[in-house]
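K.L.:
below is the sequence, then the predicted model.
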Amino acid sequence: MPRRPPSLLLIILGIIAAGILLLVVNNDAGSTFGVENDDFARLIFASVLITVFSAGVVAARHSFGEVARNMAIWLLVIVVLMAGYLYRYELQDVASRLTAGLVPGSPLSITDSTGAVTVTVQKARNGHFEARALIDGEPIRLMIDTGASITVLTAGDAEAVGIDVEALRFTVPVSTANGMALAARAQTDVIAIGEIERRRVPVLVAQQGSLEQSLLGMNFMGSLSGYDVRGDRMVLRN
């Protein structure tokens, strides 16, 4: 039995998928093949429209109703996919809101039309603001402490992010909820809360058992353009 050639649907969907993939991959670069991403998106849209209408003319030997129905389906698919790209930032915000609601401590990142980024964190049950941060790629739950001059990690969290705790020298006195303790100086590559990240952030590592939860201190918070508390929410501005 002869092999059937690829249908028009598969060809069109392949073109759209390849174009959307290129736009996603090159989103941060701002251009694709030297063309601004918004212009490239319009080019894909126009190309697919031409293909669809051309196919409709070629397929005129079929009934008009069948051709019109197929073209309407293609147009609907194209419009949905292109709308998904054009409103990608709004869709990202919706995804962030869902994640923040389902996973305690998850930061809600929002990028406005000017490109400004804000991150919202919720107050935890213990009455403190907490954030699920990524430290060197590892998820770490941090309590935001504006009274701490520097970010302090528990020994367990420090080990999780790749710090060799055994090699540290615990010579820095720190005040904890359990009283005075000794900590050691270390440094992280990246601390990220939602879409806000800072690189080469100095931290202290508390001795084993002297700190119950890692703290996000002012060496991170002070690098922000601002932050404020709105009821049970704290809004961080990049």
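P.N.:
That came through fine. Numbers count the residues shown, from 1 in each chain.
K.L.:
and the top strand by length along the chain, what does it pack against?
P.N.:
The strand spanning the most residues in the chain, taking DSSP state E as the definition, is strand 179-193. The helices and strands touching strand 179-193, judged by 3 or more Cβ pairs under 8 Å, 6 or more residues apart in numbering; DSSP states H and E, are strand 130-135, strand 151-153, strand 172-176, strand 196-206. Quick note: C-beta positions are derived from backbone N, CA and C, even for glycine.
K.L.:
possible to save those strands as TSV with mean neighbour count, distance to residue 182 and mean pLDDT?
P.N.:
Formatted as TSV, the helices and strands packed on strand 179-193 follow (neighbours: other Cβ atoms under 10 Å; distance: least, Cβ to Cβ, whole Å; pLDDT from 0 to 100):
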stretch	mean neighbour count	distance to residue 182	mean pLDDT
strand 130-135	22	21	89
strand 151-153	26	12	93
strand 172-176	14	6	82
strand 196-206	19	8	93
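K.L.:
minimum distance to residue 224: which of those strands has it?
P.N.:
Each of the helices and strands packed on strand 179-193 has some distance to residue 224 by Cβ to Cβ; the shortest is strand 196-206, at 7.2 Å.
K.L.:
can you name the next helix or strand after that closest one?
P.N.:
strand 214-216 (DSSP states H and E).
K.L.:
so where do the helices sit in the protein?
P.N.:
Secondary structure of the chain by DSSP state H: the helices cover 8-25, 37-58, 64-86, 88-102, 155-160, 218-221.
K.L.:
which of those has the lowest average pLDDT?
P.N.:
Of all the helices of the chain, helix 88-102 carries the lowest average pLDDT, namely a mean of 54.
K.L.:
rewinding a little: got a markdown table for the helices and strands packed on strand 179-193, with distance to residue 222 too?
P.N.:
Converted to a markdown table, those look like this (distance: least, Cβ to Cβ, whole Å):
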| stretch | distance to residue 222 |
| --- | --- |
| strand 130-135 | 16 |
| strand 151-153 | 11 |
| strand 172-176 | 18 |
| strand 196-206 | 10 |
